[in-house]
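In: Below are the sequence and a predicted model for it; my questions follow.
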Amino acid sequence: MTLKTYLWLIALASFVALGCFLGILWCFSPQNANPTILILLFLSLFLAMCGFFSLFGFYWRRKRNKTKPAEHFLGTSFREGTLLSLLLIGFLLMQLGGVFYWWTSSIFLIIVVAIEIAFLQQE
């Protein structure tokens, strides 16, 4: 699979996930939804954000550093897009659970940053 095909598939999957997220919001109210609907809602939002953040990070890195091959940026962009999406979904889940305070969100942010630092240390 070529790089261009891979990026188009990520973009397509992100738009499908965003469509699913908007469809769930259109058909169901998150305030009265059962746990299955909430899981699907957050999963579709996670997949949409993960794809969009990964593509944005890839194109941003590629634009800033044109000397390295484009394939070099795929892993880093996908990892950081996934971690950023996980952070935002985690914040939303904390808000849903009623535990979104400055100290709980700070602890969660520190954990996500520590995961990223661990990955950077391996590289």
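Out: Great, that's in hand.
In: And Trp102, how far from Leu93?
Out: Distance of Trp102 to Leu93, given as CB to CB, to the nearest Å: 16 Å. In short, each C-beta sits where N, CA and C put it, glycine included.
In: Who are the packing partners of the strand or helix carrying Leu22?
Out: Assigned by DSSP states H and E, Leu22 belongs to helix 3-27. Other elements packing on helix 3-27 under the criterion 3 or more CB pairs under 8 Å, 6 or more residues apart in numbering; DSSP states H and E are helix 35-64.
In: In the helix it packs on, which residues are buried?
Out: 40-42, 44-55, 57-58, 61-62 (16 or more other CB atoms under 10 Å).
In: can you check stretch 70-80 too?
Out: Neighbour-count burial for stretch 70-80 [16+ other CB under 10 Å]: 73-74, 76-80.
In: Kindly report the same for stretch 93-110.
Out: Buried, per 16+ other CB under 10 Å, within stretch 93-110: 105, 108.
In: average pLDDT for it?
Out: The predicted model assigns stretch 93-110 a mean pLDDT of 94.
In: Endpoints of it, how far apart?
Out: End-to-end distance of stretch 93-110 (CA to CA, to the nearest Å): 17 Å.
In: chain center to that stretch, what's the gap?
Out: Distance of stretch 93-110 from its chain centroid, counting by CA atoms, centre = their mean, to the nearest Å, is 17 Å.
In: and what of stretch 52-69?
Out: Counting by CA atoms, centre = their mean, stretch 52-69 comes out at 16 Å from the chain centroid.
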